[in-house]
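Trainee: One predicted model, sequence on top.
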Amino acid sequence: MAPAAESDRWQRLETYRQRYDIEGMLEDLPDLTDSLRRRRIRRDALLRRRVDLEMQLARVEIELGAIDRELEGSEATWELLVDDLIERVRVAHDEGWSPTPVHGFRVWSITDNAIRGNQIHWRTPTMSAVCLRGVPGEDLPHSTGRCGPPACGIYAVKNLDMFPSDLAAGMINRSVVGVVAFTGKVIEHDAGYRGRHATAVAVSAVIDGMRLITSDPREISDLFHDPASAFRLWAHGDDPGRDTTRPFLETIRHQETQWT
């Protein structure tokens with residue numbers, strides 16, 4: 001209620017009280033007036049408190065901004081320190097690590113309708129390394145290679161020339177040559193890598209003159225799950241031969257590799 005309007009009402013009421021006998025009509029007015037006064041006092045107190053809180057909030061925002069800037073600098077320093085420690089360990093132990101997948105070439109055979117590596121049946125495009133000799137200690141693959149030869153880990157080579165030419169060209173029946181993406185711990189060797197986790201991202205597979213050459217995750221998954229069914233769904237009868245496989249796989253590896 002505006003002060004002017006309230007004052008006007010009181011003047012008019014006082015005029016009537018002096019003119020007429022209306023005291024009996026004013027019995028409830030003192031209590032209501034007192035209640036109104038208390039509520040106004042309470043409201044004024046809350047307004048003052050709000051101003052204080054807003055001032056405190058402004059100070060908190062200033063302090064928060066300052067601590068955020070300090071935290072950002074500390075986090076950057078911490079990251080540099082940890083990265084430096086990781087790099088020193090990597091160099092000291094000849095271990096490779098990359099924040100992005102590392103890509104290499106590998107081969108599999110197709111036997112009894114299964115995709116097989118050198119020692120293990122790959123039931124899916126992704127495989128995680130195990131130490132077949134059960135050597136305890138550090139995370140796989142073992143950096144020292146003391147569990148070998150061959151040392152544990154999933155293997156891939158850097159260059160298709162490491163394979164026999166017909167195999168690299170995808171010309172060997174019931175074989176698969178492809179590109180795998182390593183994640184996790186990766187140890188780099190002169191000719192290739194051995195890593196913790198590997199996922200096939202491109203393949204060229206041959207069964208009896210039929211070829212499945214693809215980088216489609218669905219087709220690759222079908223191939224590792226059930227080669228015969230995958231060939232019925234996705235393979236080509238007109239085998240494109242050696243002029244297709246090698247350029248396809250090398251292009252995929254070149255596009256994806258960001259070894260750092």
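Mentor: Great, that's in hand.
Trainee: ok, which stretches of this protein are strands?
Mentor: Assigned by DSSP state E, the chain shows strands spanning 102-111, 114-116, 121-122, 126-128, 154-157, 175-188, 192-207, 210-214.
Trainee: So which bits of the longest one are buried?
Mentor: Going back to what we said before, that points to strand 192-207. 192-207 (16 or more other Cβ atoms under 10 Å). (Each C-beta comes from the backbone N, C-alpha and C, glycine too.)
Trainee: biggest separation within those, which pair?
Mentor: 196 and 207 (30.3 Å; Cβ to Cβ).
Trainee: so where's the stretch 51-200 of the chain uncertain?
Mentor: For the stretch 51-200 of the chain, applying pLDDT under 70 flags the ranges 87, 90-99, 135-138, 144-145.
Trainee: Helices of that one, residue ranges please.
Mentor: For the stretch 51-200 of the chain, the helices defined by DSSP state H, counting those that start in this stretch occupy 165-168.
Trainee: What is the neighbour count of residue 26?
Mentor: 12 (other Cβ atoms under 10 Å).
Trainee: my guess is it meets residue 17, correct?
Mentor: Yes. Using Cβ atoms under 8 Å, residue 26 is in contact with residue 17, at 7.2 Å.
Trainee: any idea how far residue 150 is from residue 160?
Mentor: Residue 150 sits at a distance of 20 Å from residue 160 (criterion: Cβ to Cβ, to the nearest Å).
Trainee: quick one, which of the two is more surrounded?
Mentor: Using other Cβ under 10 Å as the criterion, residue 150 and residue 160 rank with residue 160 on top: 20 against 12.
Trainee: Grab the nearest non-local neighbour of that one.
Mentor: residue 168 (4.1 Å; Cβ to Cβ, 6 or more residues apart in numbering).
Trainee: Run a quick check on the one you found versus residue 161, I expect a contact.
Mentor: Yes. The criterion here is Cβ under 8 Å, and residue 168 meets it with residue 161 at 6.9 Å.
Trainee: Comparing these two, which residue is more hemmed in?
Mentor: residue 168 (23 against 12).
Trainee: OK, contacts around that one?
Mentor: In this structure, residue 168 makes contact with 105, 160-161, 177, 245-246, judged by Cβ atoms under 8 Å, 6 or more residues apart in numbering.
Trainee: Would you agree residue 155 is in contact with residue 191?
Mentor: No. Contact criterion Cβ under 8 Å: residue 155 and residue 191 do not qualify, at 9.7 Å.
Trainee: Look at those two and report which has more neighbours.
Mentor: residue 155 (22 against 13).
Trainee: Quick check: the gap between the more buried one and residue 142.
Mentor: For residue 155, the distance to residue 142 equals 14 Å [Cβ to Cβ].
Trainee: rewinding a little: tabulate the strands of the chain (CSV), appending distance to residue 32.
Mentor: CSV is the format used below for the strands of the chain (distance: least, Cβ to Cβ, whole Å):
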stretch, distance to residue 32
strand 102-111, 82
strand 114-116, 89
strand 121-122, 86
strand 126-128, 78
strand 154-157, 86
strand 175-188, 76
strand 192-207, 78
strand 210-214, 86
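Trainee: I'd like to know which of the ones you listed lies nearest to residue 61.
Mentor: Closest among the strands of the chain, using Cβ to Cβ: strand 175-188, at 41.6 Å.
Trainee: tilt between that closest one and strand 102-111?
Mentor: Angle of strand 175-188 versus strand 102-111, following axes from the mean of the first three to the mean of the last three Cα atoms, to 10 degrees, is 140 degrees.
Trainee: Export strand 175-188 to PDB, keeping only CA atoms.
Mentor: As requested, the backbone C-alpha atoms of strand 175-188 are provided in PDB (Å, rounded to 0.1, in the frame of the first residue of the first chain):
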ATOM      1  CA  SER A 175      42.600 -66.200 -45.100                       C
ATOM      2  CA  VAL A 176      41.900 -62.700 -43.800                       C
ATOM      3  CA  VAL A 177      44.300 -59.700 -44.000                       C
ATOM      4  CA  GLY A 178      43.200 -56.500 -42.300                       C
ATOM      5  CA  VAL A 179      43.800 -53.400 -40.300                       C
ATOM      6  CA  VAL A 180      43.500 -53.400 -36.500                       C
ATOM      7  CA  ALA A 181      43.200 -50.500 -34.100                       C
ATOM      8  CA  PHE A 182      45.200 -50.900 -30.900                       C
ATOM      9  CA  THR A 183      44.000 -49.200 -27.700                       C
ATOM     10  CA  GLY A 184      45.300 -49.400 -24.100                       C
ATOM     11  CA  LYS A 185      49.000 -50.300 -23.700                       C
ATOM     12  CA  VAL A 186      50.900 -50.600 -27.000                       C
ATOM     13  CA  ILE A 187      54.500 -51.600 -27.300                       C
ATOM     14  CA  GLU A 188      56.200 -50.500 -30.500                       C
END
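Trainee: Nothing else from me, thank you.
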